[in-house]
Each structure stands twice: as C-alpha cells, then as structure tokens.
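In: got a predicted structure plus its sequence, pasted below:
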Amino acid sequence: MVDGISNLCLGGGMVFWFWGTTQLLTRRSVLFKLHGLSVSDTLGSLAIVFGLLLKIPNEWPLLILAMICLAVWNTMLGYVLAYCSTSGDQP
C-alpha cells in the first residue's frame, strides 16, 4: 500500500514538472509563464520528495529538510521575480 502511494507521488510529481514546462510554450506574458513554472515545479518537487520519504523512511531528516528548503526558496524566488518585474514609478 505504501509502495503504491509512493509511486503515485513520484508519478504525480513528474506530471507537475512536465505540465509546468508545457506552460512555457503558451502565448502569455513571461511573468505568467514563470509563475506557472515555479508553482508546478515546487509542487512536483515536493511530491517527488514525499514519495521518496515513503520509500526510504530512515532518511526522513534529510528529506524533510529538502521539503522545507524547496518551499521556502521557491516562494522567495517568486517574490524576487515579482519585485524585480515592477517598475520603480508605480506605487
């Protein structure tokens, strides 16, 4: 049962990765593309690491640390992109 859930998380994470990559081919703005890519990459990476956590539970401290770092760094990257994309003359 746990092995099946782990494989489902690994497969779902890869689906999120590929879905985010295909968003780069759309005709939307660059910031919209980057937002979709960063969100799907974060969710996909978290799902993959959670699937690995279920497969190798004795490595849980390292995998939990990886999940926290992924969530924090990708969120901060989104804020930095949003800040850098705004012009200085807008309130």
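Out: On my side now, so go ahead. Numbering: from 1, shown residues only.
In: what is the worst-scoring helix or strand of the chain on mean pLDDT packed up against?
Out: Within the chain, confidence by mean pLDDT, DSSP states H and E is lowest for helix 60-85 among all helices and strands, at a mean of 85. Counting contacts by 3 or more C-beta pairs under 8 Å, 6 or more residues apart in numbering; DSSP states H and E, helix 60-85 packs against helix 30-55. Where you see a C-beta, it was placed from the backbone N, CA and C, and this is true even at glycine.
In: show me what contacts residue 12?
Out: Residues in contact with residue 12, defined by C-beta atoms under 8 Å, 6 or more residues apart in numbering, are 44, 47.
In: got it, and residue 58?
Out: Listed by C-beta under 8 Å, 6+ apart, the contact set of residue 58 is empty.
In: how close does it get to residue 52?
Out: Distance, residue 58 to residue 52, by C-beta to C-beta, to the nearest Å: 12 Å.
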